[in-house]
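> Just to be clear, the model below is a prediction. Sequence and coordinates:
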Amino acid sequence: SHFYLLLSQFVLFVSIGAVIPTLPLYGCSLGLSSVANGVVITAPALSLLLFSRLSGERADRAQKPAMMAGMALVAPFDVLTSLSSALPSLLVARLGLGLGRGLAEAGERGMLADLAGRAPAPRGRALALQQAAVGLGVAIGAPVGGAVVEEFGPR
């Protein structure tokens, strides 16, 4: 069970990492200014902030469904990001991505906390493994995203 939680976070953060080298180039290809690119890049963080309480409340009611709903939101908003041709649709996509991430992460971390609570001795290890899965996902996703952009371009 713990393995699947870590795997879900790894997959989520591979996709997040893949966007890091691509999004500024993508924004430039749409003619966005540096300021607009900055807003697009930070939109998921804003969404996480705005919806964190609701995501946490949803995860408190049902952790696994919150995690699954969040992951289910991430996929179409990732697709919408790639299909966006103007700032408004790109912002909607990125804000939706943040909402999905918030739900997925709240559910996953709630499940992880429950698992760690059952065996308090390795709690720090469990949380460290979760952080490692996130870091590894970004570390793998960013160069993969860069390679895809080099091969196929930002769009």
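Looks like it arrived, so ask away.
> what's around Gly70, how many residues?
By the criterion of other CB atoms under 10 Å, Gly70 has 24 neighbours. (C-beta placed from N, C-alpha, C; glycine too.)
> and what of Glu151?
Neighbourhood size, Glu151 [other CB under 10 Å]: 7.
> just checking, what packs against the top helix by length along the chain?
Using DSSP state H, we find that the single longest helix of the chain is helix 87-118. Other elements packing on helix 87-118 under the criterion 3 or more CB pairs under 8 Å, 6 or more residues apart in numbering; DSSP states H and E are helix 2-19, helix 34-61, helix 63-83, helix 123-152.
> So which residue is smack in the middle of this structure?
Geometric centre of the chain, nearest residue: Arg101, 4.5 Å, by CA atoms, centre = their mean.
> show me what contacts the nearest residue to Ala62 once chain neighbours are set aside?
Spatial nearest neighbour of Ala62, chain neighbours left out: Gly107 (7.9 Å); criterion: CB to CB, 6 or more residues apart in numbering. If a contact means CB atoms under 8 Å, 6 or more residues apart in numbering, then Gly107 has 58-59, 62-70 as its contacts.
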